[in-house]
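In: build me a model from this:
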Amino acid sequence: MIADNKQDLSKHYEISFEKKNDNLLINLKGKFGLKNLKLFTSEITKSIRKQTPEKINIDFSGISYLDSAAALAIIQIQKDAAKKKIDCFLINLNDEAKGIFSVIHGQALDQASFKTAKFEDNFLIQIGQAAQDIANDIFNFITFVGELLSAVVYSILHPKSLRIKDILFYMQRAGVDGLPIVALISMLIGLIIAFMSFLQFRQIGANIYVPSLVSFAMVKELGPIMTAILVAGRSGSAFAAEIGTMVVNEEVDALKTMGFDPIRFLAVPKVLATIIVVPILTIFSDFFGVMGGLIVGLTGLDLTVHTYLTQSLKTIKVFDIVTSLIKAAVFAGLIAGIGCQRGFQVQSGAQDVGKYTTSAVVSAIFLIVVADSIFAVTFYYIQ
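Out: From the prediction side, this is the model:
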């Protein structure tokens, strides 16, 4: 929902009318703003005059855009209905719509004539709506991935179009600035795994296998996935918030006006930078995880540094390191891609920025886990 956006809305709305007994339900779908103000107000007014209902419900569940001019017109329709002693209610308003109405007419949503109501949908309708939302989200993400891949290929074929300074800047933000937290968390994870495995192995006198377990777990799984989750929390959210704020401030529209492709201009540097630095961070994560286990090995297992490192190297294979880096690169692409895509989905206000920033992190972590599951099965059969 965007307020005061200067786009042509004249053909982007749909109104349907359903009358049961003396109750009229007006379903609004699409975009309602200054551009189509006369069209939709005339259509609603004519229908009310023709059907003369005793009660009107205006359903906002299908609205994707509403500006202050459209909200003011709907309030005027309510006032005209009240003069004719017709009860008129706004139903299924989201938080953004309520905010716009409250700004225009502070008490509009509290007065009896302008109170909000909401229909009780049954369980099947809620499931269907949720499934539709998920399907739309998947479709939008696949569409964005296609546009992003096209932009990346174009940038590779035209190196001069790459913004090298921006790539280096995001490499520092996502990589260098994130190294301390990745190193600390990985070391603690390695320490915890070593300690917990020691508690079990000591019962059978197999302490010598603790280094193997720590190194295998860090290189094969925990190193890539922990690094990816930390990068998703730090950089994925930052990408979504940055692009979302630019959308709200109409900077993205300005880029389009000047002839720039927003995806190529904003998303490609972030994606390339993340794909470059996350595998490097993963190597550091593996190293510090093993070092965390080494601390337990020296202090609790009576192992020497040489013994610990020898046992670790016996377990780690080149194939494990290569697959770890492949995972990291794929996770990086997912993190940066979903972060940028959620940023471009922002439409209005700080609430949308917060909403889609949170969605970027949650979606990235979900996709990381799904991708890791696929990799685990795939690498098992090709090893």
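In: and stretch 335-349, C-alpha only, in PDB?
Out: Taking Å, rounded to 0.1, in the frame of the first residue of the first chain, the C-alpha atoms of stretch 335-349 are listed here in PDB:
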ATOM      1  CA  ILE A 335      20.500 -14.500   1.200                       C
ATOM      2  CA  ALA A 336      21.300 -11.600  -1.100                       C
ATOM      3  CA  GLY A 337      18.500 -12.500  -3.600                       C
ATOM      4  CA  ILE A 338      15.700 -12.800  -1.000                       C
ATOM      5  CA  GLY A 339      17.000  -9.600   0.800                       C
ATOM      6  CA  CYS A 340      16.900  -7.500  -2.400                       C
ATOM      7  CA  GLN A 341      13.600  -9.000  -3.500                       C
ATOM      8  CA  ARG A 342      11.900  -8.200  -0.200                       C
ATOM      9  CA  GLY A 343      13.300  -4.700  -0.400                       C
ATOM     10  CA  PHE A 344      11.700  -4.100  -3.700                       C
ATOM     11  CA  GLN A 345       8.400  -5.400  -2.400                       C
ATOM     12  CA  VAL A 346       8.200  -2.500   0.100                       C
ATOM     13  CA  GLN A 347       5.400  -0.100  -0.900                       C
ATOM     14  CA  SER A 348       4.900   2.500   1.800                       C
ATOM     15  CA  GLY A 349       6.100   3.700   5.200                       C
END
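In: so what's the gap between it and the chain middle?
Out: Taking C-alpha atoms, centre = their mean, to the nearest Å, the mean C-alpha location of stretch 335-349 is offset from the chain mean by 6 Å.
In: ok, stretch 308-321 next?
Out: Worked out by C-alpha atoms, centre = their mean, stretch 308-321 lies 36 Å from the chain centre.
In: quote the end-to-end distance of it.
Out: End-to-end distance of stretch 308-321 (C-alpha to C-alpha, to the nearest Å): 19 Å.
In: for it, buried residues please.
Out: By 16 or more other C-beta atoms under 10 Å, the buried positions in stretch 308-321 come out as 308-309, 311-312, 315-316, 320-321. Placement of C-beta: from N, CA and C, glycine included.
In: so which of the residues you listed are in helices?
Out: 308-309, 311-312, 315, 320-321 (DSSP state H).
In: ok, of these, which one's closest to residue 23?
Out: When these are ranked by distance to residue 23 (C-beta to C-beta), residue 320 comes first, at 66.6 Å.
In: my guess is the closest one meets residue 218, correct?
Out: No: with contacts counted by C-beta atoms under 8 Å, residue 320 stays clear of residue 218, the gap being 10.1 Å.
In: hmm, back to that, just give me the closest of the buried residues of stretch 308-321 to residue 283.
Out: Closest to residue 283, out of all of the buried residues of stretch 308-321 and judged by C-beta to C-beta, is residue 321, at 8.3 Å.
In: what separation do you get for the closest one and residue 279?
Out: Using C-beta to C-beta, to the nearest Å, residue 321 is found at 10 Å from residue 279.
In: and for residue 100?
Out: 45 Å.
In: before we move on, what about residue 129?
Out: Distance from residue 129 to residue 279, by C-beta to C-beta: 40 Å.
In: and residue 232, by the same measure?
Out: In terms of C-beta to C-beta, residue 232 sits 15 Å off from residue 279.
In: what helices and strands are in contact with the helix or strand containing residue 241?
Out: In this structure, residue 241 sits in helix 237-248 according to DSSP states H and E. The helices and strands touching helix 237-248, judged by 3 or more C-beta pairs under 8 Å, 6 or more residues apart in numbering; DSSP states H and E, are helix 318-345, helix 349-382.
In: circling back: ok, so of the buried residues of stretch 308-321, who is nearest residue 302?
Out: Using C-beta to C-beta, the buried residues of stretch 308-321 come closest to residue 302 at residue 308, 10.7 Å.
In: only C-alpha atoms, please: export stretch 179-194 in PDB.
Out: Coordinates of the C-alpha atoms in stretch 179-194 are reproduced here as PDB (Å, rounded to 0.1, in the frame of the first residue of the first chain):
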ATOM      1  CA  LEU A 179      34.200 -11.700  10.500                       C
ATOM      2  CA  PRO A 180      34.400 -11.100  14.300                       C
ATOM      3  CA  ILE A 181      30.900 -12.400  15.100                       C
ATOM      4  CA  VAL A 182      31.300 -15.300  12.700                       C
ATOM      5  CA  ALA A 183      34.700 -16.200  14.400                       C
ATOM      6  CA  LEU A 184      33.200 -15.900  17.900                       C
ATOM      7  CA  ILE A 185      30.100 -17.900  17.200                       C
ATOM      8  CA  SER A 186      32.000 -20.600  15.300                       C
ATOM      9  CA  MET A 187      34.500 -21.000  18.100                       C
ATOM     10  CA  LEU A 188      31.800 -21.300  20.700                       C
ATOM     11  CA  ILE A 189      30.000 -23.900  18.500                       C
ATOM     12  CA  GLY A 190      33.200 -25.900  18.100                       C
ATOM     13  CA  LEU A 191      33.800 -25.700  21.900                       C
ATOM     14  CA  ILE A 192      30.300 -26.900  22.700                       C
ATOM     15  CA  ILE A 193      30.400 -29.800  20.300                       C
ATOM     16  CA  ALA A 194      33.700 -30.900  21.600                       C
END
